[in-house]
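> take this sequence and fold it.
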Amino acid sequence: MAEFHKSDVEKLLDGVLPWPAVQDMMRSPKDPDRFDKYVEILQSRVPWPERILLPLTPALFIVAKDGARIVKCRCGHEFGDYRVNWKLAALIHVRADEASLREVYRGRETPDPAWIQVREYVCPGCGSQLEVEAVPRGCPPDFEFLPDLDSFYRDWLGRPLPDAQAFEDRTLEVVRSWRRDPAPAPRRKA
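Residues are numbered from 1 along each chain as shown. Alright, predicted model coming up:
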């Protein structure tokens, strides 16, 4: 089994590993500590101390903080429970008319604004664009990735996390909490 140095993984992450080495890395079975090397590199590049449990994107991570698992941006902004779609806590720029869509699409590539809108999700902490999705109007934010962290650590890495938590999508619980209590029904005179 090939074993790659942490510096190789770091070069791969930065896009500066020579192509033959990338090919060699892709062809070879993964060395058992590749994930650990990857997370160690990411951890060294963020300004906060919470342990990265799993990277979601180049800028978003699931981290362990005070007994909870939350989504955190590399700038330190926290989006909350990782089982809730982090997009609900992001700033959103919606391109929903022809003029705004033409800023990113050309000519016939422009989608019909009657059907499609482009949503750009931005970190409230640092202003980084974190995700872009082109979806039909009215479609809820796409929750791309809800990892089963306990199974991943227990079954794949062979070292269970100390604080097993329910694996469930809690996004709708948050959305329901946004509803206002209905106004009390008027009393009828007898």
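
> V132 contacts R119, doesn't it?
Yes - because the distance of 7.0 Å satisfies Cβ atoms under 8 Å, V132 is recorded as touching R119. Using the backbone N, CA and C atoms, a C-beta is placed for each residue, glycine as well.

> spit out the residues that contact these two alike.
Contact with both V132 and R119 is made by no residue, according to Cβ atoms under 8 Å, 6 or more residues apart in numbering.

> looking at these two now, which is surrounded by more residues?
Just comparing V132 and R119: by other Cβ atoms under 10 Å the higher neighbour count belongs to R119, 19 against 12.

> any idea which helix or strand carries the more buried one?
Element membership of R119 [criterion: DSSP states H and E] is strand 116-122.

> again with V174
Under the assignment here (DSSP H and E), V174 is part of helix 171-177.

> can you dump the C-alpha atoms of that helix in CSV for me?
Once non-C-alpha atoms are left out, helix 171-177 reads as follows in CSV (Å, rounded to 0.1, in the frame of the first residue of the first chain):
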residue,chain,number,x,y,z
THR,A,171,-34.2,21.2,9.4
LEU,A,172,-38.0,21.1,9.5
GLU,A,173,-38.0,21.5,13.3
VAL,A,174,-36.2,24.8,12.8
VAL,A,175,-38.6,25.9,10.0
ARG,A,176,-41.6,25.0,12.2
SER,A,177,-40.2,27.1,15.0
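
> which elements pack onto it?
Taking 3 or more Cβ pairs under 8 Å, 6 or more residues apart in numbering; DSSP states H and E as contact, there are no helices or strands that helix 171-177 lies on.

> do you know how far K72 is from P141?
K72 is 18 Å from P141, where distance means Cβ to Cβ, to the nearest Å.
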